[in-house]
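S.K.: Compute the structure for the input listed below.
(chains A and B)
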Amino acid sequence: MMERKTKISAENGKQELVITREFDLPLELLFKAYVEPEIVEQWMGTKVLKLENKKHGAYLFETSDPKGNVAFLASGVIHDFVPDEKITRTFEMENTPFAPQLEFLTFEKLTDHTSKLTMHVVYKSVALRDQLLQLPFAQGISMAHDRLESLFNNLNK
Amino acid sequence: MNLRRDVFQAIADPTRRAILLLLATQSMAAGAIASNFDTARPTISKHLQILTECKLLRQEQNGREIHYHVNAKTMKEVADFIEPFRQMWDERFNKLEDIMKKYKA
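M.R.: Residues are numbered from 1 along each chain as shown, chains lettered A, B, ... in the order given. Predicted coordinates:
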């Protein structure tokens, strides 16, 4: 069984959550993965149209579905940017009913070869947080459902 | 598969969540449940029907009345709803780690 490195803390009735993850990477490399557009593209699976790593900077990501159609644009502004330490930014999925969220990213050195990321996310409401938390579950269910459906459709042919 | 999808839809509704909360500590008859809400009685009945159909609640005959209980087993599954969200981030971060390990090399 794989080690559960990523932890989510989401208390009932609160409009925030905290994601923590420890990496087998030096702090500088972890931070670089958030800064270099071509690296962000690789692990986020998104196209980086704009990424200004500075206070008052902005970013714009374009995410496509597996068929290559644009699924959504994610954008935000950067409120604070301290290399190897923190990024404070907003995050919004454009053209969706979801209100923007505020993200506090903290980067910490654990040892020379390990580091830790803490992502504190604040949502507009408790209901919105819960809805977004459940989104991957809902998508998983609907995808599994679609797969089953197509399987049955093929069997019936 | 359909069952779990219904569970998700069931708890997405604020009134139904309030009903589950109300029944968390005690079983109640439909009338008593409805008296806790401003919503029309038939609406509450409909909510109870949905919650029962997806097995979040179970009914028990109590004399002439039907009492509603929270089904602990299904509620446990609801607690696991956060797991796919965690997995999504875990996969993303695993990828980040793999990429940066190669970057170093």
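S.K.: Which strand residues bridge B:R58?
M.R.: Under the criterion DSSP bridges, B:R58 forms beta bridges with B:H69.
S.K.: if I look at it, how far off is chain A?
M.R.: According to C-beta to the nearest C-beta, to the nearest Å, B:R58 and chain A sit 22 Å apart. In this view, the C-beta of every residue, glycine as well, is placed from N, C-alpha and C.
S.K.: ok, now which ones touch that residue?
M.R.: By C-beta atoms under 8 Å, 6 or more residues apart in numbering or on different chains, the contact set of B:R58 is B:52, B:68-69, B:71.
S.K.: which one of the residues you listed is nearest chain A?
M.R.: B:N71 (18.8 Å; C-beta to the nearest C-beta).
S.K.: Return the backbone torsion pair for that closest one.
M.R.: phi -90, psi 100 (degrees, to the nearest 10).
S.K.: low-scoring pLDDT stretches of chain B, where are they?
M.R.: B:1-6, B:8, B:75-80, B:104-105 (pLDDT under 70).
S.K.: How about the contacts made by A:L49?
M.R.: Contacts for A:L49 (C-beta under 8 Å, 6+ apart) come out as A:60-62.
S.K.: Could you rerun that using 10 Å?
M.R.: A:37, A:59-62, A:73-75 (C-beta atoms under 10 Å, 6 or more residues apart in numbering or on different chains).
S.K.: quick one: it is in a helix?
M.R.: No - if the criterion is DSSP: H, G, I helix; E, B strand; the rest coil, then A:L49 is strand and not within a helix.
S.K.: And it, how close does it get to A:E62?
M.R.: Distance of A:L49 to A:E62, given as C-beta to C-beta, to the nearest Å: 6 Å.
S.K.: B:L23 now?
M.R.: Distance from B:L23 to A:E62, by C-beta to C-beta: 45 Å.
S.K.: What of B:F85?
M.R.: Taking C-beta to C-beta, one finds B:F85 at 22 Å from A:E62.
S.K.: the more surrounded of these two?
M.R.: Neighbour count, other C-beta atoms under 10 Å in any protein chain shown: between B:F85 and A:E62, B:F85 has more, with 21 against 17.
S.K.: How about whichever strand or helix holds the more buried one and chain A, any contact?
M.R.: If you go by DSSP states H and E, B:F85 is part of helix B:83-104. Yes - among the residues of helix B:83-104, B:83-101, B:103-104 lie within reach of chain A under C-beta under 10 Å from any C-beta of the partner chain.
S.K.: How about stretch B:25-35?
M.R.: No - Stretch B:25-35 lies out of reach of chain A by C-beta under 10 Å from any C-beta, never closer than 15.4 Å.
S.K.: what's the burial count for residue 95?
M.R.: No chain in the question, so chain A it is. What A:N95 shows, counting by other C-beta under 10 Å, is a neighbour count of 8.
S.K.: think we crossed wires, I meant chain B
M.R.: B:K95: 15 neighbours (other C-beta under 10 Å).
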